[in-house]
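> Below: sequence and its predicted model.
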Amino acid sequence: MLYRKAIMVLTIILLLVTSSVVVAAAPIVDQRGSLSGKVVYFVPVGSNVKEGDVLVMVDKITGPVPAARATDTGVVKEVLVTMNGFTKIGDVVARIRVTK
């Protein structure tokens with residue numbers, strides 16, 4: 001009887017550990033800029049974003065334009081640009097933890 005209880009407890013612990021690892025392993029996706037320029041806006045860390053939402057805007061001769069949009073739905077975990085800083089095409093501007 002004691003042997004059965006020990007196996008049950010170990011099984012439950014193993015399931016809890018496995019599920020926490022799976023949750024923590026949600027993919028983080030780099031978001032790259034498609035325009036160069038002076039950063040005039042970026043989405044704050046912790047923001048929920050949907051695919052297509054503007055992440056970073058840069059100043060151009062015609063005014064502010066989107067330089068990077070979210071490629072997935074998720075939560076912004078890191079922003080790698082600064083206000084009034086400069087970004088180039090292809091730079092990683094933010095990282096998103098994907099949620100589906």
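Structure received. Bear in mind that the values here come from a model prediction, so they are computed numbers and not experimental data.

> now that we're looking at Thr18, how far away is Thr11 from it?
Thr18 sits 11 Å away from Thr11 when distances are taken as Cβ to Cβ, to the nearest Å. For glycine as for every other residue, the C-beta is placed from the backbone atoms N, C-alpha and C.

> correction: Val43
Per Cβ to Cβ, Val43 is found 42 Å from Thr11.

> So between the two, which is more surrounded?
Taking other Cβ atoms under 10 Å, Val43 and Thr11 do not tie; Val43 has more neighbours (21 against 10).

> ok, the closest residue in space to the more buried one that isn't next to it in sequence - contacts?
What sits nearest to Val43 in space, not counting adjacent residues and going by Cβ to Cβ, 6 or more residues apart in numbering, is Leu55, at 5.1 Å. Contact analysis of Leu55 by Cβ atoms under 8 Å, 6 or more residues apart in numbering lists Gln31, Phe42, Val43, Val49, Ala68, Arg69, Ala70, Val76, Val93, Ala94.

> helix or strand for Leu55, which one?
strand 54-60 (DSSP states H and E).

> Please save the CA atoms from that strand in PDB.
The C-alpha coordinates for strand 54-60 follow below in PDB (Å, rounded to 0.1, in the frame of the first residue of the first chain):
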ATOM      1  CA  VAL A  54       2.800  48.300 -34.500                       C
ATOM      2  CA  LEU A  55       5.800  47.700 -32.200                       C
ATOM      3  CA  VAL A  56       8.100  50.500 -33.300                       C
ATOM      4  CA  MET A  57       7.700  53.700 -35.200                       C
ATOM      5  CA  VAL A  58      10.400  55.800 -36.800                       C
ATOM      6  CA  ASP A  59      10.400  59.400 -38.000                       C
ATOM      7  CA  LYS A  60      10.600  59.900 -41.700                       C
END
